[in-house]
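Trainee: I would like to see how this sequence folds:
(chains A and B)
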Amino acid sequence: MHVPGWHEATKRWQEEGKLQMAGIIVEQHPDRARLFMQWKQMRWPILVDSLNLLGPAAVPITLAIDEYGVIRMVNPKPEEIHQKFLNRTFAKPARLPTVKDIAPDLRSLKEATRQGTAAAWETYANALVEWAGPERLGEAIEAYEHALRLEPDTGPFHFHLGVAYRKRYDSDFRQPKDFQKAVERWSAALETDPNQYIWRRRIKQYGPRLDKPYSYYDWVATAQKEIVARGETPAPLSVEPAGAEIAHPEKTFATAAANVKEPDPLGRILRDDGRFIKVETAVVPDTRAEDVADRVHVVFRPNPANKAHWNNEAGNMVFWVSPPPGWGVSQRLVTVPNPPQPVSKESREVEFEVRGPAGRRTQPLTLRPYALYYVCEDVNGVCMYRRQDVPIVIAPHELKQGSERSR
Amino acid sequence: MRKWIWGTIAIGLVTAGVTEIMPTRAAEGATAPKSYSVRFHEGQMFPTMVFPSLQGGRPGSVADFRGKKLILHLFASW
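Mentor: Down below sits the predicted model:
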């Protein structure tokens, strides 16, 4: 029974004041749950645990909790609730823990790190991530790194550090390689505990289609449309899901046809070495052990230092990737359509998947795709057509031996 | 979101007799993988940790709901 179903099944008791409904969400992007609640017209309170500090291995979990905060049923059925929960009287515990509903005091938590324990560093880092805002994610990352230096094999430290890296990547405070580092930390966490499905899912969210049980966020566009049709404004999202997050699963790897014409086979177009467009890449591995693929994310951002911007009055940006013998890619030529306005400064993302031959266990592979685009320097400045080579290293998959299959 | 089937895994995690929320080992044996996952069980006081509110209000804890029976969902919108 999923959450909207629970909401409907217990609506009467909620309205009669006999039962409260609340939630705790464990996603990387909590605002998506806010949109989901609006879409399903569920108005009960939700707390945010993106770090999964509560620690369940998977969700959803539904708990029936009595008036004193004691769990009385785990994953009950809605039809059991009236008789086994609402109609029952539960004893008050001898001692109820007191709770202060205030954010932790960051200064005292920082002071506690002087003890030099991994736990103190991690507690401080968690508090920074949850309460201090994106401008202090760098400090949180340093605190997690302190904790990991003291206890390098602790899975939650790796997972939390990955969450912090990805949060910073999604913020205005992003640093180069933040996304790739998030994936690496999540992968390191999963190596310590392959049965932690919430950790596994952070990787799958951005990973290859072979590794997806279903599309994770394809509901977002439908929700936004239906909310607008109701005359409401959809809850804003800090990051619109795209690419891997809305991709549908596939059971076999669909290799792109080879008869596509390469746009610059002789490499004659002048290079942009990052002066106009900054490029960042991340490779997200398959979390399964066999028949693996990787999903490659490539982001292009106009360089603000040179006031660069896209020239949309010329042709579209294209991205070319040619796999070496024995390897397959999902697309060889990707076209990124221009937005309607004549110039723009948005980030552009290209995603593709790559699958190697069986037994790709030991050696990394460097792919050498490139992008071709029209870009201008400064407002009313010089516009030009440029090529940027984007070397991408695909790591071997030997480390995944022994990991369980998630499906 | 139409597949909330992973909740069934949580049912499998329920073990009687554990009185506090704590990291557990998934299985006995020298080669068993380490588990950092937590189980919830009947009779356990739900943790009183304070979390940010999705709706942007003041920080909250499940203990705020004391005084009335509560159905609590740990979930994600995926």
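Trainee: how about A:Tyr169: what's its closest non-neighbour residue?
Mentor: Distances taken as CB to CB, 6 or more residues apart in numbering or on different chains place A:Asp178 nearest to A:Tyr169, at 3.8 Å, with adjacent residues excluded. All C-beta spots, glycine's among them, are computed from the backbone N, C-alpha and C.
Trainee: surely the one you found is in contact with A:Val163?
Mentor: No: applying CB atoms under 8 Å, one finds A:Asp178 not in contact with A:Val163, separated by 11.5 Å.
Trainee: what residue ranges in chain A score low on pLDDT?
Mentor: Low-confidence segments of chain A, defined by pLDDT under 70: A:1, A:359-361, A:379, A:398-407.
Trainee: before we move on, back to that, more neighbours, A:Asp178 and A:Val163?
Mentor: Between A:Asp178 and A:Val163, counting by other CB atoms under 10 Å in any protein chain shown, A:Val163 is the more crowded of the two (24 against 21).
Trainee: my guess is A:Arg301 is in a helix, correct?
Mentor: No: counting by DSSP: H, G, I helix; E, B strand; the rest coil, one finds A:Arg301 to be strand, located in no helix.
Trainee: can you pull the contacts of it?
Mentor: A:Ile277, A:Lys278, A:Val279, A:Glu280, A:Ser347 (CB atoms under 8 Å, 6 or more residues apart in numbering or on different chains).
Trainee: ok, how many other residues are close to the fourth one?
Mentor: When you say that, I think you mean A:Glu280. 20.
Trainee: and for A:Leu86?
Mentor: Neighbourhood size, A:Leu86 [other CB under 10 Å]: 16.
Trainee: my guess is it meets B:Lys69, correct?
Mentor: Yes: using CB under 8 Å, A:Leu86 is in contact with B:Lys69, at 6.3 Å.
Trainee: going by secondary structure, the residue lying closest to A:Pro342 once chain neighbours are set aside is in what exactly?
Mentor: Leaving aside its chain neighbours, A:Pro342 sits nearest to A:Glu313 (5.1 Å; criterion: CB to CB, 6+ apart). Secondary structure assigned from DSSP states H and E places A:Glu313 in neither a helix nor a strand.
Trainee: tally of neighbours for A:Glu313?
Mentor: A count of nearby residues for A:Glu313, using other CB under 10 Å, gives 12.
Trainee: is it true that it touches A:Gln341?
Mentor: No: taking CB under 8 Å as the definition, A:Glu313 is not a contact partner of A:Gln341, at 9.6 Å.
Trainee: show me where chain B has helices.
Mentor: With DSSP state H as the criterion, chain B has helices at B:7-13.
Trainee: what do you get for the stretch 101-250 of chain A?
Mentor: A:106-112, A:118-131, A:137-150, A:155-169, A:178-192, A:197-206, A:219-229 (DSSP state H, counting those that start in this stretch).
Trainee: ok, A:Gln196 - how many residues close by?
Mentor: Neighbours around A:Gln196, by other CB under 10 Å: 26.
Trainee: do the same with A:Arg95
Mentor: 7.
Trainee: endpoints of stretch A:94-113, how far apart?
Mentor: 34 Å (CA to CA, to the nearest Å).
Trainee: list the buried residues of that stretch.
Mentor: A:Val99, A:Pro104, A:Leu109, A:Lys110, A:Ala112, A:Thr113 (16 or more other CB atoms under 10 Å in any protein chain shown).
Trainee: so what's the residue count around residue 48?
Mentor: Since you didn't name a chain, this refers to chain A. So A:Val48, with other CB under 10 Å, has 22 neighbours.
Trainee: chain B, not that one
Mentor: Neighbour number of B:Thr48 under other CB under 10 Å is 17.
Trainee: and the pLDDT for it?
Mentor: B:Thr48 carries a pLDDT value of 92.
Trainee: distance of it from B:Phe65?
Mentor: The spacing between B:Thr48 and B:Phe65, counted by CB to CB, to the nearest Å, is 11 Å.
Trainee: okay, and the common contacts of the two?
Mentor: In contact with both B:Thr48 and B:Phe65: A:Gly69, using CB under 8 Å, 6+ apart.
Trainee: stretch A:344-357: end-to-end distance?
Mentor: End-to-end distance of stretch A:344-357 (CA to CA): 40 Å.
Trainee: in it, what's buried?
Mentor: The neighbour-count check on stretch A:344-357 (16+ other CB under 10 Å) flags A:Arg348, A:Val350, A:Glu351, A:Phe352, A:Glu353, A:Val354, A:Arg355, A:Gly356 as buried.
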